[in-house]
Every structure is written in structure tokens, then in C-alpha cells.
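Visitor: how would this look folded up:
(chains A and B)
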Protein chains: 2
Amino acid sequence: MTEITDALRITRSVRLADVDPGSKPGFVGDKLAGQQALAAGAKRLAELQERLYAASRAGDERAVLLMVQGMDTSGKGGVMRHVVGQVDPQGVRIKAFKAPTAAEQRHDFLWRIERELPEPGMIGVFDRSHYEDVLIHRVRGLSPADEIQERYGRIVEFEREIGERGIRLVKVMLHISREEQGARLLERLDRPDKHWKYNPGDVDERELWDEYMEAYQVAINRTARASAPWHVVPADRKWYARLAVHELLVEALEAIDPQWPTADFDVAAERERLVALGGVPVAEDAPLPKKKKSKKKGKKQS
Amino acid sequence: MTEITDALRITRSVRLADVDPGSKPGFVGDKLAGQQALAAGAKRLAELQERLYAASRAGDERAVLLMVQGMDTSGKGGVMRHVVGQVDPQGVRIKAFKAPTAAEQRHDFLWRIERELPEPGMIGVFDRSHYEDVLIHRVRGLSPADEIQERYGRIVEFEREIGERGIRLVKVMLHISREEQGARLLERLDRPDKHWKYNPGDVDERELWDEYMEAYQVAINRTARASAPWHVVPADRKWYARLAVHELLVEALEAIDPQWPTADFDVAAERERLVALGGVPVAEDAPLPKKKKSKKKGKKQS
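Guide: Here you go, the predicted model:
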């Protein structure tokens, strides 16, 4: 399965025009196979996440940060629902970055990002990110050109630094075609239960499609590093994009390889104390009971 | 299915000793049937949550707050994973209240609660809550008795007020037996991958079981109202407790009955503008296309 992640990893540069949004790099199966692979991987992802969380209780400071960028309708929300939704919600924190508030605008562009970095043991998820400050800002001229130039370097430095703090960063661009966006916007217009997702402003951005693609390409090429790679995920097929992001999350967690912490208390002594207190369904000198066994015996389980 | 929620609702008072933690009020099926009912309800819950979120985009200020209390090992974490985990993580915010920090202690006990109330459209989930300030505080004498007496009234007033603000509160006590807790603590000791969940302090609290039950009973009876009922959920059977909390969430959302917002833009005009811009897979004068149809035609879907 790591074939997918290998195929998507960009450590130096990319030409977006060369990445077919309808392709499925590293995966040979069809839609059904992809959906099955995603479902089959849920358990592995959930266990890795639980280990990460558990390890942090014993002082492990590492964390994961999944950062998802993409044009409107590229499937960011679906990734949240179907991939991030696979893990225990207690171990995840999603932050959607909207247009900055007046208060945020008074600070450096990385200020609001820094505040949302994941705590040890957590999987942080950014729906948009500091890259908006070199994407829409470049396309719309919201900041002076020289300031935007400076930001690429600031981002590289920032991402290097958070890596050193133990936060493993997974940078994803969901790459859809202009045609697919057109179809998805049209669907939002044609279904009353999707009208709330439609924003006339999205079409204004769509008019600047080529400028956005160029801004993405420059941003990726200026900030891709071996230690902070980008992943351009073809996203015209939703099932493929979701499977790919799932694989990227699993890969990040496997690289951390978090371990169950060892007890910082005397297990045997605690066991004795617990049994001595009474009300435990086991004879004081019985062998260690297995939960499964007591389940079979108990009547209340059915 | 609302039989479960009706059976659990406490609007005035309860004697905890009369509620069998091994029972399954309002549900006649066995474990398998319960698990199937939970799985079958996932779609309904997810749709209601999406409606709630969507409605907030159009100005609906309502929200849900699920508050889960219970002794250690009563299954709070499992409710988060298996019930809260059923909905889009973008629409949920879980907050676990630990022992207050020094900063929090300098404020009124409701201060940190107020700050975590759900935004419009969100499902907030509290793992423990302001009730700790009348539970462990009473049992351990962490606050003067007269101050705790005053808190019950403060809580009633606070909950009335947040209800008026449109936050629908679902108060749950996961009610396990002392024996079941013993078995679960023992399991944590007997499985190395569960050692991290074991805290010797939990057994110290276990020694005060009867005092805790009394504190719960007093707290429930002092704060149960028709507008802010408690639900004592028998929790020795994990599957039943999860199904019950699921039903309570569904009931709360159905009571809100959030509606898809109507478009605040001219749908026909937007459609025209989108098609005129080009790159949309439909002839300009074609009938409204169905996404399903274009999926079948496209080769890239397999």
C-alpha cells in the first residue's frame, strides 16, 4: 500500500500540469477495491492513533499534523468525514482556517497557525492553512509581492522547526480538474440540500483557475523538502483521494511507531490492592482472569 | 426506539439504588440486536448533524451539548469512540475536563465550562463537566459544604440560561456497578496495552464508591428539570449504554429539527453564470443533469 504514498511524494518540485487529476498513482484496483482498502485499513489507523495518544500519556511529545489544501469542491470535507472520521474523535482536532479575523490580521500570518498546532499524542488536521497566505494572497494581490516571496522561506523555516519539536507534518494538495469542479459546483446548485455549500464567491475564484494552479505550483516547489514533502493527490476520483490520504496518515504514524507505555506503577501490587478491596469478580488467589471468559459466563451479556 | 430515551429520562428525582446497572430499559433485543441498531442508526444521526451544521450557516443559532458523567471505567471513552465517532468530526467538539488548572481555579467553577460551550450548529461533547464541582468536591471535601449547596442552584440557573440561548443539553450519567468497575480495572491491569489507562488514583476513588453514588444522586435530584433532564444510563453492558446515548443524541437533534437552509442567492442565475464560464460537463441548454448519470458515463470512475 505504501506504493501510493511513494508515488505521491514530492520532495523537490512538480509540474501540476503533468499530474492527471483523474489518475490513481500507485493503486491498480477499481473504485470498489479502493473503498474496500479504505475500510480494511480503518483498524490499523485506529490502533496507531491510540498508540500515539497512549504514548503521550507517558511523556512522548510527538504528534501528527495533516494539512489539507485544495480548490473549492476538491473534497476536503469528504477527507475529514471519511478518513479523519475513521479514528477516535478524542485523538483528533480539526481546525478550519477561514479568512483571518481582524484580530488575526494584526499578527504575523503564522501566529494563528502556531496556536493550533497539535498537542503531544494528537492528530491535528488543518482544513486550509498558512499556505492561503501565499495562494489567495498571491492570486488576489492581498499582500505585496516581496512579502509573499519572504513567506515561502518563513514557511520552510517554520515547518522545519515544528518537525524538530516532534510534529510530523503531512502536506496534501487535493488536485481536481477544472471540469470536475464545474460538475461539482453544478451538483451543489441542482440539489437543494447542497445549496448551503454553494457560495457565489467560489465561482469568482474559479475564474482565476490558472492563476491558482500557478500559485499552488510555486508554493509547492518553494516549500517541498525531503523533511517536509508535499503530496499532490489526484482528486477527481473521491475514493482514490480518500484512500491516498488514509495511506499518508498511516505512513506518518508508522514512521513515529508509537509504543504502548510501560506501567509506571507496580502492576502486581495494584492487582493485590484491588482484589483486597473486594467487589472484584475473581477469587483472591485465582489465576489472572480473561475478560472474554467472564463475558461468556455472565448472563447479562445477552 | 424512543422507548429507550423515555425510559431513561429523569425530570425530578431518582434513587440510584433502584436502577440496575445491568438492565437495558426500553430495549428488548440482545447484544447483537443492540449493535445492529446502533450501526443502523448511524446514517440518521449523521444526516441530522449535517442539517444542524448547515442550518447554522444560515443563522440558526441552535446547538447540542452532550454531557457525559460517570465513574472511572464507566465507558465514557467508548461513547466518544462509538457514538460521537458516528458523526462528521467537523461538526463535533469534544472537551475533556480534568482537574482544574491553577488559572482555572482562580475563576468561578462555571468559567471554564462557559468557554467550551458549542458554537451554533455544533455538537459539543463534555467528558466530565461542571458536575465534578459537586461530585468529587463533595466526596473529597474540596469545597465548603455551603458553597456546594449554592452550586446546585447556580447549575440549574446556568443550564436554564444556555437552554434559552438555543443549546440543547443532554445530561448522561453512565451508571455501572461496583463489581463491573472491579472487573474493568482488573482487565486494565492484566493487559499491557491497557496499562496506560490505569491510574492507581482510580482505586482511591473506588474506595469511596458509596459516597460517590450518594453525591451523584443528590446532584441529579437537585438539578433534574423538565427542561434539563438527567438520563441515568445502565452501563454494565457497553453495547446498551452506547445505543442509549446514540438514541439520546438523535432525540435531541430531532427536537431541534434543523432544516436545510434555502439559498440566499439566485440559483438559476448562478447556474447560468457557471455554465457560461465553460468547463462544465453539460451543454448550455441541456436539462439539469443528475450527478449519477454523469458518473455512469464517465470512464474515470472505475
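
Visitor: From now on I want contacts and neighbour counts done on CA atoms only, so please keep to that.
Guide: Will do.

Visitor: for the closest residue to residue A:116 other than its chain neighbours, what are its contacts?
Guide: Sequence neighbours aside, residue A:95 is the residue nearest to residue A:116 in space, at 7.3 Å (criterion: CA to CA, 6 or more residues apart in numbering or on different chains). Going by CA atoms under 8 Å, 6 or more residues apart in numbering or on different chains, residue A:95 touches A:116, A:124-127.

Visitor: For residue A:95, give me phi and psi.
Guide: Dihedral pair for residue A:95: phi -130, psi 120, per degrees, to the nearest 10.

Visitor: what's across from it in the sheet?
Guide: Following DSSP bridges, residue A:95 is listed with bridge partners residue A:126.

Visitor: how about residue A:181, what does it touch?
Guide: Neighbouring residues of residue A:181 by CA under 8 Å, 6+ apart: A:72-74, B:280.

Visitor: how about residue A:69, secondary structure?
Guide: Of the three states, residue A:69 takes strand according to DSSP: H, G, I helix; E, B strand; the rest coil.

Visitor: Which of the three states applies to the residue nearest the centre of chain A?
Guide: Taking CA atoms, centre = their mean as the criterion, residue A:66 is the residue nearest the geometric centre of chain A, at 3.1 Å. Under the three-state scheme (three-state DSSP), residue A:66 adopts strand.

Visitor: Check what pLDDT residue A:253 gets.
Guide: Looking at residue A:253, its pLDDT reads 98.

Visitor: host element of it?
Guide: Counting by DSSP states H and E, the element that carries residue A:253 is helix A:238-256.

Visitor: How about residues contacting that helix?
Guide: Defining contact as CA under 8 Å, 6+ apart, one finds that helix A:238-256 is touched by A:1-2, A:4-5, A:24, A:31, A:34-35, A:37-38, A:41, A:44-45, A:48-49, A:52, A:62, A:64, A:66, A:75, A:78-79, A:82-83, A:168, A:170, A:172, A:174, A:233-235.

Visitor: Would you write a ChimeraX line that selects the buried entries of the residues you listed?
Guide: This is the ChimeraX syntax for the buried subset of those, where burial follows 16 or more other CA atoms under 10 Å in any protein chain shown:
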select /A:4,5,24,31,34,35,37,38,41,45,48,49,52,62,64,66,75,78,79,82,83,168,170,172,174,233,234,235
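
Visitor: Can you list which of the contacts of helix A:238-256 are found in helices?
Guide: Using DSSP state H, the members of the contacts of helix A:238-256 that fall within helices are A:2, A:4-5, A:31, A:34-35, A:37-38, A:41, A:44-45, A:48-49, A:52, A:78-79, A:82.

Visitor: Now narrow these to whatever sits close to chain B.
Guide: With CA under 8 Å from any CA of the partner chain as the criterion, the ones in helices among the contacts of helix A:238-256 include residue A:31 near chain B.

Visitor: before we move on, back to that, can you pick the most crowded of the contacts of residue A:181?
Guide: Among the contacts of residue A:181, residue A:74 has the most neighbours (other CA atoms under 10 Å in any protein chain shown), with 25 neighbours.

Visitor: so what's that one up against?
Guide: Applying CA under 8 Å, 6+ apart to residue A:74 gives the contacts A:174-176, A:181, A:235-236.

Visitor: May I see those residues organised as JSON lines, with distance to residue A:211 and pLDDT added?
Guide: Formatted as JSON lines, those follow (distance: CA to CA, whole Å; pLDDT from 0 to 100):
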{"residue": "A:174", "distance to residue A:211": "16", "pLDDT": "98"}
{"residue": "A:175", "distance to residue A:211": "14", "pLDDT": "98"}
{"residue": "A:176", "distance to residue A:211": "15", "pLDDT": "98"}
{"residue": "A:181", "distance to residue A:211": "15", "pLDDT": "97"}
{"residue": "A:235", "distance to residue A:211": "19", "pLDDT": "98"}
{"residue": "A:236", "distance to residue A:211": "20", "pLDDT": "98"}
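
Visitor: now, the most widely separated pair of the residues you listed?
Guide: Spanning the widest gap among those are A:174 and A:181, at 11.7 Å by CA to CA.

Visitor: Switch the contacts of residue A:181 over to CSV; also include distance to residue A:87.
Guide: What follows is those, written out as CSV (distance: CA to CA, whole Å):
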residue, distance to residue A:87
A:72, 25
A:73, 23
A:74, 22
B:280, 36
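
Visitor: Contact residues of the stretch 151-300 of chain A facing chain B?
Guide: So the stretch 151-300 of chain A meets chain B at A:178-183, A:186-187, A:189-190, A:192-193, A:195-196, A:200, A:203, A:207, A:237, A:260-263, A:265, A:267, A:270-271, A:274, A:277, A:279-281, A:288, A:290-291, A:300 (CA under 8 Å from any CA).

Visitor: ok, of those residues, which come out buried?
Guide: Neighbour counting by 16+ other CA under 10 Å classes A:178, A:180-183, A:186-187, A:189-190, A:193, A:195-196, A:200, A:203, A:237, A:260-261, A:263, A:267, A:270-271, A:274, A:280 among those as buried.

Visitor: among the residues you listed, which are in helices?
Guide: The helices, defined by DSSP H, take in A:178, A:180-183, A:186-187, A:189-190, A:200, A:203, A:267, A:270-271, A:274 from those.

Visitor: Now do the strand or helix carrying residue A:54: distance to the chain's middle.
Guide: Using DSSP H and E, residue A:54 maps to helix A:31-57. Its chain's average C-alpha position is 12 Å from that of helix A:31-57, according to CA atoms, centre = their mean, to the nearest Å.

Visitor: Show me what that helix is packed up against.
Guide: Counting contacts by 3 or more CA pairs under 8 Å, 6 or more residues apart in numbering or on different chains; DSSP states H and E, helix A:31-57 packs against helix A:238-256.

Visitor: got the angle for the helix it packs on vs helix A:31-57?
Guide: Orientation check (axes from the mean of the first three to the mean of the last three CA atoms, to 10 degrees): helix A:238-256 against helix A:31-57 gives 30 degrees.

Visitor: Could you find the closest non-adjacent residue to residue A:112?
Guide: Using CA to CA, 6+ apart, the closest residue to residue A:112 is residue A:104 (6.6 Å).

Visitor: what's the helix or strand for that neighbour?
Guide: Taking DSSP H and E as the criterion, residue A:104 maps to helix A:102-105.

Visitor: what residues does that helix touch?
Guide: A:111-112.

Visitor: The same query, at a cut-off of 7 Å, please.
Guide: Helix A:102-105 has contacts (CA atoms under 7 Å, 6 or more residues apart in numbering or on different chains) with residue A:112.

Visitor: Okay, buried residues for whichever helix or strand comes after it please.
Guide: Under the assignment DSSP H and E, the closest C-terminal helix or strand after helix A:102-105 is helix A:111-114. Buried residues in helix A:111-114, defined by neighbour count with 16+ other CA under 10 Å: residue A:112.

Visitor: go on, stretch A:94-113?
Guide: A:94-95, A:109-110, A:112.

Visitor: Can you tell me which of the residues you listed lies closest to chain B?
Guide: Checking these against chain B with CA to the nearest CA, the nearest one is residue A:94 at 6.6 Å.

Visitor: pretty sure the closest one contacts residue A:124?
Guide: Yes - judged on CA atoms under 7 Å, residue A:94 makes contact with residue A:124 at a distance of 6.0 Å.

Visitor: And the ones in helices among the buried ones among the residues of the stretch 151-300 of chain A next to chain B, which is closest to chain B?
Guide: residue A:182 (4.6 Å).

Visitor: Domains in chain A, by residue range?
Guide: Annotated domains of chain A cover A:2-256, A:269-301 [automatic domain parsing].
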